[in-house]
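Asker: please find the sequence and the predicted model below.
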Amino acid sequence: MKCELIFVGKTSEKYLQEGIDQYLKRLKHYLPVSISVIGQGAGGDTMKVIQSECSDILSRLKPRDLLILLDERGVALSSVEFAGKIQTWMVQGYSNMVFVIGGAYGVNDEVRKRANMILSFSAFTLTHQMIRLFLVEQIYRAMTILKNESYHHGS
């Protein structure tokens with residue numbers, strides 16, 4: 001299974017990009033992973049911005065892709081539960097596991113309906129750029145849990 005991360009807008013904070021790069025490097029030991037950055041929608045109309053970003057997200061998806069949308073209103077999982085979900089998805093025959101972090105205004109109902117799962121990382125409001133780092137780290141942690149490696153000690 002491949003893993004693709006779709007982010008709306010660039011990661012502008014250098015320290016966050018360095019962390020993302022570090023965990024991507026580690027994660028590639030377990031599965032092919034890539035990041036696609038789509039442009040932020042332009043203009044003053046929020047609905048047009050959302051529509052533009054979501055159209056771009058949906059255009060990148062294939063029918064057999066598993067879509068996991070990150071959203072503050074999603075389901076919260078522990079790291080061990082998240083690892084279990086990934087293990088289940090891996091045996092269900094999906095060719096690509098796609099994680100999406102939308103733009104500043106979120107995503108539309110079309111993306112929500114396409115999502116196989118809506119995942120929340122915290123009840124706190126966190127920046128989209130920070131969540132990117134947390135996501136890559138948690139996918140890496142999940143892989144080490146599945147391989148019974150020593151990175152994760154909390155179970």
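Answerer: Received the coordinates, thanks. Residues are numbered from 1 along each chain as shown.
Asker: what's around Pro63, how many residues?
Answerer: Neighbours of Pro63 under the rule other CB atoms under 10 Å: 5. Any C-beta I mention is one placed from the backbone N, CA and C, and that applies to glycine too.
Asker: looking at this, it is in a helix?
Answerer: No. Counting by DSSP: H, G, I helix; E, B strand; the rest coil, Pro63 falls outside a helix, being coil.
Asker: pLDDT score for it?
Answerer: Pro63 carries a pLDDT value of 92.
Asker: ramachandran coordinates for it?
Answerer: Here is the backbone geometry of Pro63 (degrees, to the nearest 10): phi -60, psi -40.
Asker: gap between it and Arg141?
Answerer: Distance, Pro63 to Arg141, by CB to CB, to the nearest Å: 29 Å.
Asker: can you give me the helices in this protein?
Answerer: Assigned by DSSP state H, the chain shows helices spanning 14-27, 46-59, 79-91, 109-114, 128-146.
Asker: for Val98, which of those helices is the nearest?
Answerer: Closest to Val98 of the helices of the chain, according to CB to CB: helix 46-59, at 9.0 Å.
Asker: mean confidence score for that closest one?
Answerer: The average pLDDT for helix 46-59 rounds to 94.
Asker: got a list of contacts for it?
Answerer: Contact partners of helix 46-59, identified using CB atoms under 8 Å, 6 or more residues apart in numbering, comprise 6, 8, 38-43, 100, 102-103, 105-108, 110-111, 114.
Asker: let's see that with 7 Å instead.
Answerer: Applying CB atoms under 7 Å, 6 or more residues apart in numbering, the contact partners of helix 46-59 are 6, 8, 38, 40-41, 43, 100, 102-103, 105-108, 110-111, 114.
Asker: and it, what's buried?
Answerer: Neighbour counts over helix 46-59 (16 or more other CB atoms under 10 Å) mark 49-50, 52-54, 56-57 as buried.
Asker: same check on stretch 113-126?
Answerer: Within stretch 113-126, the residues that qualify as buried are 114-115, 118-119, 121, counting by 16+ other CB under 10 Å.
Asker: among those residues, which two are most distant?
Answerer: Across these, the longest distance by CB to CB is 20.1 Å; it joins Arg114 and Phe121.
Asker: and Val136, what does it touch?
Answerer: With contact set as CB under 7 Å, 6+ apart, Val136 has these partners: 20, 23-24, 27.
Asker: now Glu72
Answerer: Per CB under 7 Å, 6+ apart, neighbours of Glu72: 120, 125.
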